[in-house]
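Engineer: show me how the following folds:
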Amino acid sequence: MKGIFWKEGESFSNSMSLIAFLLVRYPEIGTVRYDPDQKTLQFSFMLIKTLDAGEFEAFKEGMALSLGAISDLQGRKQLQTEISFTECDNLTFLEILRDIDSLSQEEIGLIIGVVHQFFEGNLLLDQEEAVQDEDVLLQEEMIDHMLEDLKDSQQEKRLIGFREEGRVMVFNRANLHK
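Structural biologist: Model (predicted):
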């Protein structure tokens, strides 16, 4: 990862930081979208294959069981989870939408683990640099802190973060051309 950049003169909000930290911590995530109106985060993963209906249904079922189990263990109720995919040529874009109010850092780690379990070898990853265990723990603590802060705050910017050539970029979606 070469660095995190932001538009000069614009403050780096907590939601921007969360998206940047998620993309740095989890190279499996292709994009993260934040919708302040719906209070949701959408994680996108890119697969180097096409999915058939059976594979997708098995993945959805596995993800639902895993997310249900962690919610039960943590004593909280999931409010919103949506899983979908789109295909383009021989690629599949897998999208997982979660509400922020019931999302935890541990659940994000579980989502990554389930995606790996089902699509190992077909998951497009950013080139990883060796990350020390202490750095991983620090990144996860920061994600947990920013996620909790985001639950209690009011953000207005619809954001999208993605990586390009080893860099993490976060944009205000309202400023992007359609």
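
Engineer: which parts of this structure are helices?
Structural biologist: 14-25, 53-74, 105-119, 133-152 (DSSP state H).

Engineer: what's the third one in contact with?
Structural biologist: In this case it means helix 105-119. For helix 105-119, contacts defined as CB atoms under 8 Å, 6 or more residues apart in numbering pick out 22, 26, 28-29, 43, 45, 47, 49, 55, 58-59, 62-63, 66-67, 70-71, 74, 94, 96, 98, 123, 140, 143-144, 147. No exception for glycine: its C-beta is placed from N, CA and C like everyone else's.

Engineer: again with the second one
Structural biologist: Surrounding helix 53-74, the residues in contact under the criterion CB under 8 Å, 6+ apart are 51, 77-78, 81, 83, 85, 94, 96, 102, 104, 106-107, 110-111, 113-114, 117-119.

Engineer: mind listing what's buried along it?
Structural biologist: 55, 56, 59, 60, 63, 66, 67, 70, 71 (16 or more other CB atoms under 10 Å).

Engineer: so which of the helices of the chain is nearest residue 173?
Structural biologist: Residue 173 lies closest, by CB to CB, to one member of the helices of the chain: helix 14-25, at 11.3 Å.

Engineer: centre of the chain to the closest one, how far?
Structural biologist: 9 Å (CA atoms, centre = their mean, to the nearest Å).

Engineer: which residues does stretch 84-102 contact?
Structural biologist: By CB under 8 Å, 6+ apart, stretch 84-102 touches 30, 38-51, 56, 59, 63, 71, 76-83, 107, 111, 115, 119, 147, 150-151.
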